[in-house]
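Student: requesting a structural model of the entry that follows:
(one chain, ligands or ions: 1)
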Amino acid sequence: MKDGDRRDDKTAASLRKHRCASVLSANVLVLNHNYEPLNLTSVRRAIVLILKGRAEVVKHNDSVIRYPSGEMAVPSVVRLSQYARRPPVRVKLSKKSILARDNYTCQYCGYSGPGLTVDHVIPRERGGNSDWDNLVCCCVKCNIKKGNRTPEEANMHLQKMPRRPAYIPHMGYSKLMIALKQEEWREFLLPFVRER
Ligand SMILES: [Zn+2]
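Tutor: I've put the predicted structure just below:
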């Protein structure tokens, strides 16, 4: 182990004890060497990557953290020093990804809170598929009210037509959804978003 590494590990250890635990556990956007968004990590983990020379800061946020031997602006976006090869992630159809796509909001009444489920727009018993364009996030109340009917029959209107969500090939879908809520990251994300 090199001296520099030992010092970096010591700094990382003191960061672990830092009282601003919430600052250290906040999300940092990780870009690949070619600037493609890859992941979200914690501020703590991002600082370790920077200290080890495995990433560089692309953008800071407004806060500063102090540790015994100095202080450091808090990273918001980091870029890996070397290109990381990752297999592309296709967005998997699941209850979790349907809810994330629909922003955890019932697509009939707009309710957002606990107890959300997935509704088949055209009911399964009537030939409706379990696919991106036939599944929506739905509250239990609307799900019971709609029953085995189409939205037209139940006089319930969808807020928007469901479709396969846009995605970034190497970033997990629920992480992308979290990242897109951060205004300051959108310039890094949007150029890499694919529609299909
Ligand atoms: Zn509802």
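
Student: for the residue nearest the centre of the chain, which non-adjacent residue is spatially closest?
Tutor: Centroid check for the chain by Cα atoms, centre = their mean gives Lys175 as the closest residue, at 1.6 Å. Computed as Cβ to Cβ, 6 or more residues apart in numbering, the closest residue to Lys175 that is not its neighbour in sequence is Leu40, at 5.0 Å. (Each C-beta comes from the backbone N, C-alpha and C, glycine too.)

Student: near the ion, which residues of this structure? Just list them.
Tutor: Applying Cβ under 5 Å from the ion, we find that the chain lies next to the ion at 106, 108-109, 111, 139, 142.

Student: just give the strands next to the biggest strand by length in the chain in its sheet, each with its orientation.
Tutor: When the chain is parsed with DSSP state E, its longest strand is strand 55-67. The strands beside strand 55-67 in its sheet (DSSP bridges) come out as strand 70-80 (antiparallel).

Student: could you list the buried residues of the strand it pairs with?
Tutor: Under the neighbour-count criterion of 16 or more other Cβ atoms under 10 Å, strand 70-80 has 72, 74-80 buried.

Student: ok, stretch 152-162 next?
Tutor: Buried residues in stretch 152-162 (16+ other Cβ under 10 Å): 156, 162.

Student: what do you get for stretch 109-123?
Tutor: 111, 116, 118-121, 123.

Student: what's the answer for stretch 35-50, then?
Tutor: Buried residues in stretch 35-50 (16+ other Cβ under 10 Å): 36-41, 43-50.

Student: what's the answer for stretch 47-67, then?
Tutor: For stretch 47-67, burial by neighbour count (16+ other Cβ under 10 Å) applies to 47-51, 55, 57, 59, 61, 65, 67.

Student: gap between it and the chain center?
Tutor: Chain-centre distance of stretch 47-67: 20 Å, with Cα atoms, centre = their mean, to the nearest Å.

Student: please name the nearest non-neighbouring residue to His33.
Tutor: Tyr83 is the one closest to His33 (Cβ to Cβ, 6+ apart), at 4.1 Å.

Student: so that neighbour, which state does it fall into?
Tutor: Classification of Tyr83 by DSSP: H, G, I helix; E, B strand; the rest coil places it in coil.

Student: which ones are touching it?
Tutor: Applying Cβ atoms under 8 Å, 6 or more residues apart in numbering to Tyr83 gives the contacts 32-34.

Student: wait, which of the buried residues of strand 70-80 is closest to the ion?
Tutor: The closest of those to the ion turns out to be Ser76 (Cβ to the ion; 35.5 Å).

Student: quick check: that closest one vs Trp185, distance?
Tutor: Distance of Ser76 to Trp185, computed by Cβ to Cβ, to the nearest Å: 8 Å.

Student: need the residues touching each of these two.
Tutor: Counting by Cβ under 8 Å, 6+ apart, the residues touching both Ser76 and Trp185 are Leu29.
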